[in-house]
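Sequence first, predicted coordinates after that:
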Protein chains: 2
Amino acid sequence: MTRIVLKFGGLAIASTDYIQEVAYKAIAEKKRGLDVVVVTAAMGRTTKELAKMARDISDNASKRELDVLFSTTSQVASALLAIAIQEAGYDVVSLTGWQAGVQTDAKHRNARIEDIDVTRIEKHFEQGQIVVVAGEQGIDDAQNITSLGKGGAETSAVAIAAAIHAERVDIFTNVDGVYTADPRHVPAAQKLKEISYDEMLELSNLGSHIIHPRAVELAKKFQMPVVIRSSMVDVAGTLLKEEVEMEKNLIVRGVAFESDIIRLTVGYDAYSDASLADIFAVLAENRINVDIIVQAIIDGLKPSVSFTILKEQFAEALHVLENSKLSLDFSFADFEVGLAKVSIIGSGMASNPGVAARMFNCLRRKGIPVKMVSTSEIKVSVVVAQDDMIHAANALHAEFNLAEALQV
Amino acid sequence: MTRIVLKFGGLAIASTDYIQEVAYKAIAEKKRGLDVVVVTAAMGRTTKELAKMARDISDNASKRELDVLFSTTSQVASALLAIAIQEAGYDVVSLTGWQAGVQTDAKHRNARIEDIDVTRIEKHFEQGQIVVVAGEQGIDDAQNITSLGKGGAETSAVAIAAAIHAERVDIFTNVDGVYTADPRHVPAAQKLKEISYDEMLELSNLGSHIIHPRAVELAKKFQMPVVIRSSMVDVAGTLLKEEVEMEKNLIVRGVAFESDIIRLTVGYDAYSDASLADIFAVLAENRINVDIIVQAIIDGLKPSVSFTILKEQFAEALHVLENSKLSLDFSFADFEVGLAKVSIIGSGMASNPGVAARMFNCLRRKGIPVKMVSTSEIKVSVVVAQDDMIHAANALHAEFNLAEALQV
């Protein structure tokens, strides 16, 4: 039987009224004859309340116990949704992460899914039941509850979809699709009908918080179609898939931007490949996401490496550097705050070498200084002052004619 | 190593401040060199909030899903307590019911513990960790989350204590021990230093809501010493144990009373042993607790059986009788509300045949009509009008000189 996975975020299940709406969406798919898995995130404000209680007790709560604490939030949502589906007359069962067979590594607060044992989900499908799974959570080898961290519920949804060979994952969110730029800041932005995994991955990584990049990565790995759609209004969303044939002639597909970027620079007395590699190894071990990395070895200057991180990881990054100063053997570290990243994305970019130059020219004409640059096959990112971000995004959206492009 | 189990109720962990107090109590035992298990109930008001959300969605939520929902409350408490113990510098781990190996039957909302697999608790003891267990919950054979129903956290505590061969269970509650009668209503009431399981069982069953009878039954079965003590003030509590030698000369040890009793009477056209047995079988299957049963076969009258139930189970009892009317083949059912039960308890009673007569005489002198009577080896219960309850309790407390008795 054809299968589908539906994922609802915290806002879509913020109240019991909303939960009933979600129930109807799940039932509509069941009525179409599909096997349905619904993945729930935490309900609206509950996580904040628990976080406050934990903070009242300790500033150093262990990650293991925080996982035990916060995993209750999506469990509550899963039970309430199951009750709503029962109330509408359909057979349903809610499962926690471990009951749904979500096996992860032991990295609490930020665990990775290692495998999904679908035995139990399959059994409930055989019994004709809709299956509601508490997202964001799993269990490690030692039978401890783990949480998946940012984007966890989406990642659960895509992983489960891959494991049960679902036809598609529908991610219900507070926006109705993926746009050429954030329409709140770029009035000319257009909704895209389709976007490739790679383009979405760049968009996700570049500050478009519609879907977490790890969920997109997983979807790409398993070639799982994902639809980003609104939980509020019933309009067509944006389909993520491998190839978006009709758009190959479009060079740039979207503009993304993200504020609250911090640049960290670490300097050494002498150049050493080993120490430069070590610093990123240490940051990665501590799950600090480093984004743009710029390294320049200039004669007469001490070697240094600069990289950007998100503001929320700044304190922890400093902490990690502080603790590792001896082993990493660097001589100084400094930082710059109040930065933003603006990027253009498009899979047609690889074969158009002039795209980056056109971007820099546009920004120069607008008088926006570029502080760092990073490029990939399908995107160019620049770091600018936060105050220039919106201006830069609108200028680039116009430069690449995104408002006029036929958005298929 | 000597082991102890501490159980804290909802009021003892109603706020983060209280949770820190509980942490200190657990640590004090650990410092004495003991292996410590702490069993938590749900935090204060959380259960009510979840119940309201569930009701907003459905009046007929399945018991399985309610178990998934409500099991989160003691899990939250267990995580917060573990965080508080960590904050105080001690190694600790929180476990859900299934992680702690609490295996139950599949009767959701009112499951019975079938076995406890202590492998994991023992492993954490070996690592020197304090173990916090979310009480009231377990897992059935099909790996569904179950809840133990009323008295669940106490029952978890005693069951775990038996399984790990603990020295003792301390039940921290909002009273500082077991009294000869409820001191809120019987001013002359005295605190008991010790009480036998059987006496406590009668007291528990008779409306003294200090500890649930199923927990006392389990303690008696495993001969597990239990101390009832205050979570607020550090005073000696009351020890429950098998024999209370010094008190054998005391005929009556306490007076218990309970309001909101309902009498149900079921009548038949003709007498049949089978049908009378069947009715209690059906009620038991639906986990409706029937208390006093009175049956009189009187010539010329149709046979009937009367029994008392708690107000909160009234609606369900009627529902069960309604559904089973055909199979049970009774001709009528009626009921009386506004009743109360008053009982005297004492293990010395069995050898003092005059005790019941002295009780009835006392009530007759006070002008309190007795509606039903039930006796056991160690207690006599009477059903009276609710308005007479406090009057009757004080009169009996005085009649048996409980205020003057040396309460060892």
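It's in.

From now on I want contacts and neighbour counts done on CA atoms only, so please keep to that.
Fine.

Report the separation between residue A:86 and chain B.
Look at residue A:86 and chain B: by CA to the nearest CA, to the nearest Å, they are 7 Å apart.

Looks to me like that residue is in a strand.
No - in this structure, residue A:86 is helix, not part of a strand, as judged by DSSP: H, G, I helix; E, B strand; the rest coil.

Now it: closest residue in space, sequence neighbours ignored.
Excluding the flanking residues, the one nearest residue A:86 by CA to CA, 6 or more residues apart in numbering or on different chains is residue A:92, at 6.4 Å.

Can you report phi and psi for that neighbour?
Main-chain dihedrals, residue A:92, degrees, to the nearest 10: phi -150, psi 160.

my guess is it contacts residue A:125, does it?
No - using CA atoms under 8 Å, residue A:92 is not in contact with residue A:125, being 9.6 Å away.

give the contact list for residue A:254.
A:179, A:180, A:181, A:203, A:344, A:345, A:346, A:397, A:402 (CA atoms under 8 Å, 6 or more residues apart in numbering or on different chains).

helix or strand for residue A:27, which one?
Secondary structure from DSSP states H and E places residue A:27 in helix A:16-31.

same question for that helix, mean pLDDT?
The average pLDDT within helix A:16-31 is 95.

packing partners for it?
Packed against helix A:16-31, as judged by 3 or more CA pairs under 8 Å, 6 or more residues apart in numbering or on different chains; DSSP states H and E, are the following elements: strand A:3-8, strand A:35-40, helix A:63-87, helix B:46-57.

can you redo these as a markdown table with mean neighbour count and distance to residue B:151?
Listed next are the helices and strands packed on helix A:16-31 as a markdown table, based on neighbours: other CA atoms under 10 Å in any protein chain shown; distance: least, CA to CA, whole Å:
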| stretch | mean neighbour count | distance to residue B:151 |
| --- | --- | --- |
| strand A:3-8 | 25 | 36 |
| strand A:35-40 | 28 | 31 |
| helix A:63-87 | 27 | 22 |
| helix B:46-57 | 16 | 15 |
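
for those, which one sits closest to residue A:293?
In terms of CA to CA, the element of those nearest to residue A:293 is helix A:63-87, at 28.8 Å.

So residue A:92 and residue A:125 - more neighbours on which side?
residue A:92 (23 against 19; other CA atoms under 10 Å in any protein chain shown).

Contacts only, for the more buried one.
A:82, A:85, A:86, A:129, A:130, A:131, A:132.

and with 6 Å instead?
For residue A:92, the contacting residues are A:82, A:129, A:130, A:131, by CA atoms under 6 Å, 6 or more residues apart in numbering or on different chains.

measure the second one to residue B:343 for me?
From residue A:129 across to residue B:343, the span is 50 Å (CA to CA, to the nearest Å).

Please apply the same query to residue A:354.
94 Å.

So for those two, which sits in the more crowded spot?
Remark: of residue A:354 and residue B:343, residue B:343 carries more neighbours, 27 against 10, as counted by other CA under 10 Å.

Could I get the buried residue list for the helix or strand harbouring that one?
Per DSSP H and E, residue B:343 falls inside strand B:332-345. Judged by neighbour count (16 or more other CA atoms under 10 Å in any protein chain shown), strand B:332-345 contains these buried residues: B:333, B:337, B:339, B:340, B:341, B:342, B:343, B:344, B:345.

ditto for stretch A:319-326
Those would be A:320, A:321, A:324, for stretch A:319-326 by 16+ other CA under 10 Å.

which one is the last one nearest to, not counting chain neighbours?
If I follow you right, that is residue A:324. Using CA to CA, 6+ apart, the nearest residue to residue A:324 is residue A:282, at 8.0 Å.

average pLDDT for the helix or strand the one you found falls within?
Using DSSP H and E, the element containing residue A:282 is helix A:273-285. What helix A:273-285 shows for mean pLDDT is 73.

cool, and stretch A:347-357?
72.

quick one on the thing from earlier: nearest to residue B:54, of the contacts of residue A:92?
Of those, the one sitting nearest to residue B:54 (CA to CA) turns out to be residue A:82, at 10.2 Å.

distance of the residue nearest to residue A:35 when sequence neighbours are not counted from residue B:68?
Distances taken as CA to CA, 6+ apart put residue A:3 closest to residue A:35, at 4.6 Å, once the chain neighbours are dropped. In this view, residue A:3 and residue B:68 are 25 Å apart by CA to CA.

same check, this time on residue A:331
54 Å.

again, but for residue A:56
27 Å.

Which parts of the stretch 251-400 of chain A are strands?
Ranges of strands in the stretch 251-400 of chain A, per DSSP state E, counting those that start in this stretch, are A:254-267, A:293-296, A:304-310, A:332-345, A:372-376, A:379-385.

Quick one: closest of the ones you listed to residue B:375.
strand A:304-310 (72.7 Å).

So what touches the closest one?
A:261-267, A:290-295.

tilt between it and strand A:332-345?
60 degrees (axes from the mean of the first three to the mean of the last three CA atoms, to 10 degrees).

Residue numbers of chain A in contact with chain B?
Residues of chain A lying close to chain B (CA under 6 Å from any CA of the partner chain) are A:57, A:58, A:61, A:65, A:68, A:69, A:72, A:76, A:79, A:83, A:84, A:87.

Can I get those residues in JSON lines including distance to residue B:100 and pLDDT?
Putting those into JSON lines (distance: CA to CA, whole Å; pLDDT from 0 to 100) gives the following:
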{"residue": "A:57", "distance to residue B:100": "24", "pLDDT": "95"}
{"residue": "A:58", "distance to residue B:100": "25", "pLDDT": "96"}
{"residue": "A:61", "distance to residue B:100": "21", "pLDDT": "95"}
{"residue": "A:65", "distance to residue B:100": "15", "pLDDT": "97"}
{"residue": "A:68", "distance to residue B:100": "14", "pLDDT": "97"}
{"residue": "A:69", "distance to residue B:100": "16", "pLDDT": "96"}
{"residue": "A:72", "distance to residue B:100": "17", "pLDDT": "96"}
{"residue": "A:76", "distance to residue B:100": "21", "pLDDT": "95"}
{"residue": "A:79", "distance to residue B:100": "22", "pLDDT": "97"}
{"residue": "A:83", "distance to residue B:100": "27", "pLDDT": "98"}
{"residue": "A:84", "distance to residue B:100": "30", "pLDDT": "97"}
{"residue": "A:87", "distance to residue B:100": "33", "pLDDT": "97"}
